[in-house]
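>>> task: produce atomic coordinates for the following.
(2 chains)
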Protein chains: 2
Amino acid sequence: MPGAIRATGSDRRGLSGESDFIALMRGLAIDRQARGLTDDAAVLEVGGAQIVLTHDMLIEGVHFLPDDPADSVAWKLVAVNMSDLAAKGAAPLGVLLGFSLAGNADWDRAFAAGLGEALAAFEVPLLGGDTVAMPDGTPRALGLTALGRAPSCGAPARSCAKPGDVLYVSGAIGDAGAGLALLRDGKAEPAALIEAYRRPMPDLVLGQRLAPLVTAMADVSDGLLIDAERIARASGCGVEIDLGALPLSTDFVAARGDSRDSRLFAATCGDDYRLILTIDPARVAGYSALDAALTRIGTCVERPGLRLVHQGETLPPPVRLGYEHGGLNS
Amino acid sequence: MPGAIRATGSDRRGLSGESDFIALMRGLAIDRQARGLTDDAAVLEVGGAQIVLTHDMLIEGVHFLPDDPADSVAWKLVAVNMSDLAAKGAAPLGVLLGFSLAGNADWDRAFAAGLGEALAAFEVPLLGGDTVAMPDGTPRALGLTALGRAPSCGAPARSCAKPGDVLYVSGAIGDAGAGLALLRDGKAEPAALIEAYRRPMPDLVLGQRLAPLVTAMADVSDGLLIDAERIARASGCGVEIDLGALPLSTDFVAARGDSRDSRLFAATCGDDYRLILTIDPARVAGYSALDAALTRIGTCVERPGLRLVHQGETLPPPVRLGYEHGGLNS
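Numbers count the residues shown, from 1 in each chain, chains lettered A, B, ... in the order given. This is a model prediction of the structure:
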């Protein structure tokens, strides 16, 4: 989960407190099905089936703007959880909603409409949940738990990339971050960028097709560089990324240009909900049918860490690779 | 989920808005596995296994007091969800946590300790979740999703009681409500009542043993009368309850006496996390081994609605049977 919008106060205070707390939780999550809390989702084995589980929260003023349309907030709440399922190649089975009422019936009705739209689009049933009327003036706190059925090959891990594997991303990067920047500047065009921020479209079907072919897979939620670096770290290798290879949309280029800086922005802004994945070069033939959806952006290497190149030049990695916080599952 | 503590503002505003919103959600939750959002939990069928799913939230100032010890808040968050699993006879499989950090590392550490204690007590693994650093001054919003494996007989429904069935409760009623009243009055004794409010102990093992024997089962979370009335309504019958038969603890009687009023308080205060269940009288022999845990408190009848008797006299049902709000699952 990216924290795309955050109060300065929370940022300053949250980071160390949050990583301390996550460290405490890692100490508790000793069951191997929790995957050490380093994957996008947990994988539970029940009666021969593998269930993929994820829970992401959206907080008003932290993950969405108070004036974001309620239907798009509902869409995003479902979509960000579906993106975690996509990263594990899972087919959605159901969701549970945690909803806080803040005394605005129109907002709640629009939220319900957007939720219905998202459930229909992702073909996932609402199974239950909880609602709470919050004290006046409290920011909305929304939570969603999503369950999916793992592919028969098993849910791909984040931790099984190998040196030599090729790194791919499943679509344009940076649109959502550019859309958020437009909203912050009070702009409404290009509308496609704002739509990318408000209504991400996770790669559910593609994730299911890729699952048998990849060595590792995750979604790009906190930022391409940080999500790539997490794959490398979890796998005990390093990764080299060619910034020039990142796919940018024409709308993104129209809004921010195509420069080293705009590419660094795209690589760190997060909220993309694309897939990032590694494939053994010997298995390239297996994914040729999927090639159109994928862009090769780098390679896994022996030496740990992230190496960034642009037009043949090695760049110092930016101080901030993305959003360092995140869920108990990354 | 009971809303044991709620600001007057939320109460006034919340009730119609919340029931309107729940009605919208029922319109979306058309999958039969959601059980019409009228049961304690959803039951998902995956690869021959039945998974019981529940998600309950605890909000600071609504469901717990700002000065409740953090470890007991963690305990209660796990326990209330385990109680929903108990009502379906399910064995816990795992939990996902949604946690909001409010900038108090001591509180968070104590919460983590209490969480560890609860996970160990209920033998349930932490599988994942999400954490969010909230804006300053925001009440804590905690969510937990619990998954359980349904018993081989299937998860008992709330909706299958029949006229003639005997109504039982699995332990003393009213202790938690009496404990909350003590805390509100600034009192600390009897400590067992405060413990009952802060650290409920759901009937997980008993629920698994009862599942094959009952016609309907639920947990007493919002209040005994309202939870009994919900079983009757869902089952298309009525229920008669003998207020005099409710089991009261000696601590409860010491604090509030044994009167019609104190019994009405116990029957409506909620937060008990006992099981309420119906058994076909022809199957009484099957549960004789469990008899010690169960108290017979009433009977299901043809005529819809709730009939309350005390010492042979029919009482008008109280205006408030319990907490009318509640989760998407009751």
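>>> contacts, neighbours, all on C-alpha from now
Will do.
>>> what helices and strands are in contact with the strand or helix carrying residue A:231?
Using DSSP states H and E, residue A:231 falls within helix A:224-235. Counting contacts by 3 or more Cα pairs under 8 Å, 6 or more residues apart in numbering or on different chains; DSSP states H and E, helix A:224-235 packs against strand A:216-220, strand A:238-242, helix A:260-268, strand A:274-279, strand A:305-310.
>>> try it again at 6 Å.
helix A:260-268 (3 or more Cα pairs under 6 Å, 6 or more residues apart in numbering or on different chains; DSSP states H and E).
>>> give me the contact list for the helix it packs on.
A:173, A:174, A:223, A:224, A:225, A:321, A:322 (Cα atoms under 6 Å, 6 or more residues apart in numbering or on different chains).
>>> from those residues, which is closest to chain B?
The closest of those to chain B turns out to be residue A:322 (Cα to the nearest Cα; 15.7 Å).
>>> what segments of chain A are helices?
Counting by DSSP state H, chain A has helices at residues A:8-28, A:70-87, A:105-121, A:175-184, A:191-198, A:204-210, A:224-235, A:250-256, A:260-268.
>>> can you give me the neighbour number for residue A:152?
Other residues near residue A:152 come to 13 when the count uses other Cα atoms under 10 Å in any protein chain shown.
>>> same question for the one 10 residues further on.
Other residues lying near residue A:162 total 22 when counted by other Cα under 10 Å.
>>> list the contacts of residue A:269.
A:177, A:223.
>>> same check, this time on residue A:309
Applying Cα under 6 Å, 6+ apart, the residues near residue A:309 are A:242, A:243, A:315.
>>> ok, now residue A:50?
Contacts of residue A:50 (Cα under 6 Å, 6+ apart): A:44, A:150.
>>> tell me the pLDDT of it.
In this model, residue A:50 is scored at 88, pLDDT.
>>> need the worst-confidence member of the contacts of residue A:309.
Among those, residue A:315 has the lowest pLDDT, at 91.
>>> hmm, residue A:148 is touching residue A:52, no?
Yes - using Cα atoms under 6 Å, residue A:148 is in contact with residue A:52, at 4.9 Å.
>>> neighbour count: the two, which is higher?
residue A:52 (28 against 25).
>>> residue numbers of the stretch 1-150 of chain A in contact with chain B?
Taking Cα under 6 Å from any Cα of the partner chain as the contact definition, the stretch 1-150 of chain A meets chain B at A:10, A:14, A:29, A:34, A:37, A:42, A:47, A:49, A:55-56, A:126-131, A:133, A:135.
>>> any of the residues you listed buried? List them.
Buried members of the residues of the stretch 1-150 of chain A next to chain B, counted by 16 or more other Cα atoms under 10 Å in any protein chain shown: A:10, A:14, A:29, A:34, A:37, A:42, A:49, A:55-56, A:126-131, A:133, A:135.
>>> so residue A:207 sits right up against residue A:89, yeah?
Yes - look at residue A:207 against residue A:89 with Cα under 6 Å: they come within range, at 4.5 Å.
>>> ok, back up a step: and among the helices of chain A, the most buried is which?
Most buried of these by mean neighbour count (mean count of other Cα atoms under 10 Å in any protein chain shown) is helix A:70-87; its value is a mean of 27.
>>> report the inter-axis angle for that one versus helix A:105-121.
With axes from the mean of the first three to the mean of the last three Cα atoms, to 10 degrees defining the directions, helix A:70-87 sits at 30 degrees from helix A:105-121.
>>> find the closest residue to chain B in the stretch 1-150 of chain A.
For the stretch 1-150 of chain A, Cα to the nearest Cα, closest residue to chain B: residue A:130, 3.8 Å.
>>> please name the bridge partners of that residue.
residue A:98 (DSSP bridges).
>>> residue B:56 is in contact with that one, correct?
Yes - applying Cα under 6 Å, one finds residue A:130 in contact with residue B:56, separated by 5.4 Å.
>>> what pLDDT does the residue of the stretch 151-300 of chain A found nearest chain B get?
Using Cα to the nearest Cα, the closest approach of the stretch 151-300 of chain A to chain B is made by residue A:152 at 11.6 Å. In this model, residue A:152 is scored at 90, pLDDT.
>>> what's the answer for residue A:329, then?
60.
>>> output the lowest mean pLDDT helix or strand found in chain A.
Sorting the helices and strands of chain A by mean pLDDT, DSSP states H and E puts helix A:8-28 at the bottom, at a mean of 64.
>>> below-threshold pLDDT in chain A: ranges please.
A:1-16, A:285-291, A:324-330 (pLDDT under 70).
>>> tell me the phi and psi of the residue of it positioned farthest from its centre?
Most distant residue from the mean C-alpha position of chain A: residue A:136, 31.3 Å away (Cα atoms, centre = their mean). Dihedral angles of residue A:136 (phi, psi; degrees, to the nearest 10) stand at phi -50, psi 140.
>>> which residue comes closest to the residue sitting nearest the centre point of chain A once chain neighbours are left out?
Using Cα atoms, centre = their mean, the residue of chain A that lies closest to the mean C-alpha position is residue A:221, 2.5 Å off. Spatial nearest neighbour of residue A:221, chain neighbours left out: residue A:271 (4.7 Å); criterion: Cα to Cα, 6 or more residues apart in numbering or on different chains.
>>> could you chop chain A up by domain?
Domain assignment for chain A by automatic domain parsing gives A:8-149, A:166-315.
>>> could you dump those to TSV with distance to residue B:238?
What follows is these, written out as TSV (distance: least, Cα to Cα, whole Å):
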stretch	distance to residue B:238
domain A:8-149	26
domain A:166-315	47
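>>> from residue A:194, how far out is residue A:186?
11 Å (Cα to Cα, to the nearest Å).
>>> same question but for residue A:297, I mixed them up
Distance, residue A:297 to residue A:194, by Cα to Cα: 25 Å.
>>> now residue A:147, nearest residue through space, not along the chain?
Nearest non-adjacent residue to residue A:147, counting by Cα to Cα, 6+ apart: residue A:53, 4.8 Å away.
>>> thought residue A:40 was touching that neighbour, still the case?
No - applying Cα under 6 Å as the test, residue A:53 and residue A:40 come out as separate, 9.0 Å apart.
>>> tell me the contacts of residue A:100?
Residue A:100 neighbours (Cα under 6 Å, 6+ apart): A:131, A:132, A:133, A:140, A:141.
>>> neighbours around the second one, how many?
When neighbours are counted by other Cα under 10 Å, residue A:132 registers 28.
>>> before we move on, what about the fourth one?
The criterion is other Cα under 10 Å. On that basis, residue A:140 has 21 neighbouring residues.
>>> is it true that it touches residue A:60?
Yes - with contact defined as Cα under 6 Å, residue A:140 and residue A:60 form a contacting pair (5.2 Å).
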